[in-house]
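J.: Sequence plus predicted model, see below.
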Amino acid sequence: MLNKIKNLKSTTKVDFATYFGVIVAFIVITILMNQGMLKRAHVGMLVPICSYITMAVALNLVVGISGELSLGHAGFMSIGAFTGVIAAMSLTSAIPSEPIRLAVAMVVAAVCSGAAGAVIGIPVLRLRGDYLAIVTLAFGEIIKELMNCLIVGHDSEGLHIIFNYNGSKSVEDLHMLTDGAVIVKGAQGTVNVDTISTFAAGFVLVMVTLVIVLNLVRSRSGRAILACRDNRIAAESVGINVTSYKMMAFVTSAALAGAAGALYGLNFSSMQATKFDFNQSILVLVFVVLGGLGNIWGSIIAATVLYILPEALREVADLRMLVYAIVLIVVMLATNSPAVKNVLSKILPKRRKEMD
Amino acid sequence: MKKLIAMLMALVLCFGLVACGGGSSDDADTADTAAAFKIGCTGPLTGDAAIYGQAVKYGLEIAIEEVNALGGIQLELQYEDDVADGETALNAYNKLIDDGMQIFAGTVTSGAGQAVAPQAYEDQIFMLTPSASSPEVVEGKDNVFQVCFTDPNQGSASATYIKENMGDKTIAVIYRNDDAYSQGIRDTFAAQAATEGLNVVYEGTFTKDTATDFSVQLTAAQAAGADVLFLPIYYQPASVILAQADAMGYAPIFFGVDGMDGILTMEGFNTELAEGVMLLTPFSADAEDELTKNFVAKYQALAGETPNQFAADAYDVIYVIYNALNEAGCTADMSYTEICEALKSTIVNMSYTGLTGSDMTWAATGEVTKMPTAVIIENGVYVGA
């Protein structure tokens, strides 16, 4: 058995270590939670962390592995969050089981968000350079404005959806029956959502994401995606269809981001479309860059640490965002400093081998 | 090597800051007394809406100091930053619960309130918000109450006031359509304006990202010949509108609601531009009664500026809680659910006269009943209109 593990490729070892780490973390936290050793504040952060981990891993697929810069991933999260909430709320009576309803909501969110990813990707991924970054940036903003205009209600007749594009419509214009409930209320966002997201569901989502992303990356298609990133001309010359492989990575990433959004949206009784703004996209990008481009387990750790950090720094009160910024700068400098790498290589023998 | 030194210094700075911050929070902890009710609040101390969060914090602190000096029930405040964001507010709320909060006196903003209130309902902790005015905050929750008006209330009250006092004028509205607060007031204003028969000639919208230039909306409002410009928005975009309207020589009557409150204390704003602005607010700092004078003096000593309506709402929150606790006979060793049980039946049967209204009463739905008053800004201060 041990020999078998030793003979594995180093990338495979890292992949298994990543799965293993996530599973161990889940088991440890679940045990702690059942023993009542975790505070409310910690328990409350678990689902958002799972959601941001999924976001970070999904974005890493685009930014790190496919080598395209996406600045609008919060837009996909937003689509996922709103479609997920609408699906879950309108299926309340049809699917009484909460976990199944959550799963259905995530699938619906992933499909919608993936479709949006395809719509953006088809024209844009044919372009070279930074166009994708600019278009996704614009996409994120457009989605934010569109979701802002959305008024949705559900009654026994089904869904009622209106787009309040000129700001003159309100909930009354839905003309719902008396048994209806409003789900999305324009600028006020989703209201009175059943918070059915659980940590277990978050864990499952993270695991599914890892299985999808890691298997994609290590597959034949994954190698093609990497080839497109490293040298487009060479990749084209050996017959790789650059656009379709980039599409594969981009749409997968968008769909996963949508599922993460559904998990996120169903964790809060209310959320507004303005939450998914440019800052949110950049926040996730920071997780990816800090964790290392193309480094999946790095994204997981960076998302977790950087989500907890501002909350942990509440003790510092007014200075907390300042300290947060300084920590970011220090980590960025540290991970790129030759001096630190030198020190690390002395501690970790494997690194020394690589450096030699 | 230089990089390494730079990094080390950054680290030292970082730890230094943590140490400083830690020190100051320890000081606050020393005020602990065994028999004090723990009141928690979350509000934006950083970010766009920081003025509101800060004002509420000062208001709460002043009232708590006064209450504690009375020698009866002792109160203790813990205030957490929520950046006016639902997600952060929920995290902050959870932390407050961990730290033993017994009564929740938040949130400051509506978006955060919508996210936290359902959780507070589930926990059955008594929640009395100073300024989260969205109806969604209290709707369907028997333990959540408001000291401020709800947004619909403000919209219809504004329409009624304009009808009564300037009924023959033409009206334009500029509002932010990606903001729960602004859109909520506009919707009820429009509905009430239609029933009152007001002449609304133009409605312009903007969003968070386009809140820096209003020349299009202002030109359209001017072209439509509007005499009154109704601005159900926060003071920051309002300040830009005032400046740009002044620059283009357009001088209608500006009419705002409680979000406009705070414009006079905004940094870098020329208060001359706000001359003649009318706003509907339950509190005016120039009122002559003893209560207001005392509060304004204390607030000025603490914060160095004139208090706005948010601070006054927060001040009232503490006294409402104090009165209710006394009436219900709660003790500080009760759990938050016990206190909540006692307070929610007490508050609907009590009446309170404070800074933001006299004979305020609460319905079981959580909404407050009090009279709004209109004020005009003259020589940089509010004057009753």
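T.: Received the coordinates, thanks. Numbering: from 1, shown residues only, chains lettered A, B, ... in the order given.
J.: which parts of the helix or strand hosting B:Ile376 are buried?
T.: Under the criterion of DSSP states H and E, B:Ile376 resides in strand B:373-378. Neighbour counts over strand B:373-378 (16 or more other C-beta atoms under 10 Å in any protein chain shown) mark B:Thr373, B:Ala374, B:Val375, B:Ile376, B:Ile377 as buried. In short, each C-beta sits where N, CA and C put it, glycine included.
J.: Just the CA trace of that strand, in CSV.
T.: Only the C-alpha atoms of strand B:373-378 are listed here, as CSV (Å, rounded to 0.1, in the frame of the first residue of the first chain):
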residue,chain,number,x,y,z
THR,B,373,-41.8,67.0,11.5
ALA,B,374,-40.4,68.9,8.7
VAL,B,375,-37.3,71.1,9.1
ILE,B,376,-35.5,73.6,7.0
ILE,B,377,-31.8,74.2,7.0
GLU,B,378,-31.1,77.8,7.7
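J.: can you map out the strands along the stretch 51-200 of chain B?
T.: B:74-81, B:103-104, B:126-129, B:144-146, B:170-176, B:199-206 (DSSP state E, counting those that start in this stretch).
J.: What of the stretch 201-350 of chain B?
T.: Using DSSP E, counting those that start in this stretch, the strands of the stretch 201-350 of chain B run over B:228-231, B:253-256, B:278-281.
J.: where among the ones you listed is the average confidence lowest?
T.: When the strands of the stretch 201-350 of chain B are ranked by mean pLDDT, strand B:278-281 comes last with a mean of 84.
J.: Show me what that strand packs onto, helices and strands only.
T.: Helices and strands touching strand B:278-281, by 3 or more C-beta pairs under 8 Å, 6 or more residues apart in numbering or on different chains; DSSP states H and E, are helix B:151-166, strand B:253-256, strand B:373-378.
J.: Ok, which of the ones you listed comes nearest chain A?
T.: helix B:151-166 (9.5 Å; C-beta to the nearest C-beta).
J.: any weak-confidence spans in chain B?
T.: B:1-34, B:385 (pLDDT under 70).
J.: What ranges does it have for its helices?
T.: B:2-29, B:50-69, B:86-98, B:110-123, B:135-138, B:151-166, B:180-196, B:215-223, B:235-247, B:290-303, B:309-328, B:336-347 (DSSP state H).
J.: Of these, which is nearest A:Leu150?
T.: Nearest of the helices of chain B to A:Leu150, taken as C-beta to C-beta: helix B:180-196 at 12.5 Å.
J.: Next, the buried residues of that closest one.
T.: Applying a neighbour-count criterion of 16+ other C-beta under 10 Å, one finds B:180-193 buried in helix B:180-196.
J.: so what does that helix touch, helix or strand wise?
T.: Helix B:180-196 packs on helix B:110-123, helix B:151-166, strand B:170-176, strand B:199-206, going by 3+ C-beta pairs under 8 Å, 6+ apart.
J.: give me that answer again for 7 Å
T.: For helix B:180-196, the elements it packs on are helix B:110-123, helix B:151-166, strand B:170-176, judged by 3 or more C-beta pairs under 7 Å, 6 or more residues apart in numbering or on different chains; DSSP states H and E.
J.: chain center to the shortest one, what's the gap?
T.: The one in question is strand B:170-176. Computed by C-alpha atoms, centre = their mean, to the nearest Å, the chain-centroid distance of strand B:170-176 equals 22 Å.
J.: Can you give the contact residues for that strand?
T.: With C-beta atoms under 7 Å, 6 or more residues apart in numbering or on different chains as the test, strand B:170-176 has contacts from B:162, B:182-183, B:186, B:189, B:198-207, B:211, B:214, B:217, B:221, B:224-233, B:237, B:241.
J.: which of the residues you listed are buried?
T.: Of these, these count as buried by 16+ other C-beta under 10 Å: B:162, B:182-183, B:186, B:189, B:198, B:200-207, B:211, B:214, B:217, B:221, B:226, B:228-233, B:237, B:241.
J.: wait, isn't B:Met266 in contact with B:Ser239?
T.: Yes. Look at B:Met266 against B:Ser239 with C-beta atoms under 7 Å: they come within range, at 5.8 Å.
J.: what's the burial count for B:Ser358?
T.: 12 (other C-beta atoms under 10 Å in any protein chain shown).
J.: Can you tell me how far it is from chain A?
T.: Distance of B:Ser358 to chain A, given as C-beta to the nearest C-beta, to the nearest Å: 31 Å.
J.: what's the neighbour count on the closest residue in space to B:Leu128 that isn't next to it in sequence?
T.: Using C-beta to C-beta, 6 or more residues apart in numbering or on different chains and skipping residues adjacent in sequence, the residue nearest B:Leu128 is B:Phe145, 4.9 Å away. By other C-beta under 10 Å, the residues close to B:Phe145 number 26.
J.: likewise A:Thr92?
T.: A:Thr92: 14 neighbours (other C-beta under 10 Å).
J.: And the one 4 residues further on, by the same measure?
T.: Look at A:Pro96: counted by other C-beta under 10 Å, it has 9 neighbours.
J.: Give me the pLDDT for it.
T.: pLDDT for A:Pro96: 91.
J.: mind checking which helix or strand it is in?
T.: With DSSP H and E as the test, A:Pro96 turns up in no helix or strand.
J.: A:Thr12 now?
T.: Using DSSP H and E, A:Thr12 falls within helix A:10-34.
J.: C-alpha coordinates for the very next helix or strand once past that helix, PDB please?
T.: Later in the chain than helix A:10-34, the nearest helix or strand by DSSP H and E is helix A:40-60. Presented in PDB, the C-alpha positions along helix A:40-60 are these (Å, rounded to 0.1, in the frame of the first residue of the first chain):
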ATOM      1  CA  ARG A  40     -21.800  30.700  17.200                       C
ATOM      2  CA  ALA A  41     -19.600  33.200  15.300                       C
ATOM      3  CA  HIS A  42     -17.500  30.300  13.900                       C
ATOM      4  CA  VAL A  43     -20.500  28.100  13.000                       C
ATOM      5  CA  GLY A  44     -22.000  31.100  11.200                       C
ATOM      6  CA  MET A  45     -19.000  31.400   9.000                       C
ATOM      7  CA  LEU A  46     -18.800  27.800   7.800                       C
ATOM      8  CA  VAL A  47     -21.300  28.000   5.000                       C
ATOM      9  CA  PRO A  48     -19.900  31.200   3.500                       C
ATOM     10  CA  ILE A  49     -16.400  29.800   3.700                       C
ATOM     11  CA  CYS A  50     -17.500  26.700   1.700                       C
ATOM     12  CA  SER A  51     -19.100  29.000  -0.800                       C
ATOM     13  CA  TYR A  52     -16.000  31.100  -1.200                       C
ATOM     14  CA  ILE A  53     -13.700  28.100  -1.400                       C
ATOM     15  CA  THR A  54     -15.900  26.800  -4.300                       C
ATOM     16  CA  MET A  55     -15.700  30.300  -5.900                       C
ATOM     17  CA  ALA A  56     -11.900  30.400  -5.500                       C
ATOM     18  CA  VAL A  57     -11.400  27.000  -6.900                       C
ATOM     19  CA  ALA A  58     -13.700  27.800  -9.800                       C
ATOM     20  CA  LEU A  59     -12.000  31.000 -10.500                       C
ATOM     21  CA  ASN A  60      -8.600  29.400 -10.300                       C
END
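J.: do helix A:40-60 and chain B meet at all?
T.: Yes. Counting by C-beta under 7 Å from any C-beta of the partner chain, chain B is contacted by helix A:40-60 at A:Arg40, A:Ala41, A:Gly44, A:Met45, A:Pro48.
J.: list the helices and strands that helix packs on?
T.: Applying 3+ C-beta pairs under 7 Å, 6+ apart, we find helix A:40-60 packed against helix A:73-90, helix A:199-218, helix A:242-265, helix A:278-291, helix A:296-312, helix B:86-98.
J.: May I have the residues that are in contact with the residue of the stretch 251-385 of chain B found nearest chain A?
T.: Here the residue of the stretch 251-385 of chain B nearest chain A is B:Tyr336; by C-beta to the nearest C-beta that distance is 12.3 Å. Residues in contact with B:Tyr336 (C-beta under 7 Å, 6+ apart) are B:Met101, B:Gln102, B:Ile125.
J.: From these, pick the one nearest A:Thr335.
T.: Closest approach to A:Thr335 among the contacts of B:Tyr336 (C-beta to C-beta): B:Met101, at 39.0 Å.
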